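Colleague: Quick one, structure for this:
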Amino acid sequence: MKDVGVVLIDRFNDEGNKIEGHLKEKMSTGVNFPYKADPVRLSNIIGFHYAAVGQSHFTSMIDILLGSFRFAMNAHCRAEEKLHDSARNILGILSPLFFSRYQESICDMGIHFSPMKVKVGRYREKYISLQEFFIGAGVNSGQDL
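Modeller: Numbering: from 1, shown residues only. Purely as a prediction, here's the structure:
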């Protein structure tokens, strides 16, 4: 992807004020991954912001959004029929927030079933059932299961 973004870090105790040095290092040298020999540069990140006590409203909102998504997914996966209407409504409200780049389906950055290919029949059926539930509520991953 060629897009850029900002990293938001939730509040925490930074004893010794080490976060600024840590962020400077990561922005200048990159991030180390166990499967890569060289650090991966963070060239698409245009800035960091970390919140202090009383400033974490954005991260609180993200907690609510993820919790809502989890509720919708659990309502289907646990076959709680009485919650399905609420779950569909929630997914419909959340659907514009999924990264789709104005396409019909959501790209892997927006929603991603893992593993990509499910080989065990009974698990594959569960994945497909969940995907169909999402599609019915306006959240189409477009992923070929």
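Colleague: All the helices of this structure, residue numbers only.
Modeller: 19-29, 57-77, 84-94, 121-136 (DSSP state H).
Colleague: starting at the chain centroid, how far to the first one?
Modeller: Spelled out, it's helix 19-29. Distance of helix 19-29 from the chain centroid (Cα atoms, centre = their mean, to the nearest Å) equals 24 Å.
Colleague: Can you name every helix or strand that it contacts?
Modeller: strand 45-50 (3 or more Cβ pairs under 8 Å, 6 or more residues apart in numbering; DSSP states H and E). Any C-beta I mention is one placed from the backbone N, CA and C, and that applies to glycine too.
Colleague: redo that, cut-off 10 Å
Modeller: strand 5-9, strand 45-50 (3 or more Cβ pairs under 10 Å, 6 or more residues apart in numbering; DSSP states H and E).
Colleague: Can you show me the CA trace of the last one as PDB?
Modeller: Meaning strand 45-50. Extracted in PDB, the C-alpha atoms of strand 45-50 (Å, rounded to 0.1, in the frame of the first residue of the first chain):
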ATOM      1  CA  ILE A  45       4.000   6.500   9.200                       C
ATOM      2  CA  ILE A  46       3.900  10.300   9.200                       C
ATOM      3  CA  GLY A  47       3.600  10.700  13.000                       C
ATOM      4  CA  PHE A  48       3.000   9.200  16.400                       C
ATOM      5  CA  HIS A  49       0.700  10.500  19.200                       C
ATOM      6  CA  TYR A  50       0.600   9.100  22.700                       C
END
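Colleague: Go through the helices of the chain and name the closest to residue 6.
Modeller: Residue 6 sits nearest to helix 57-77 of all the helices of the chain, at 10.4 Å, using Cβ to Cβ.
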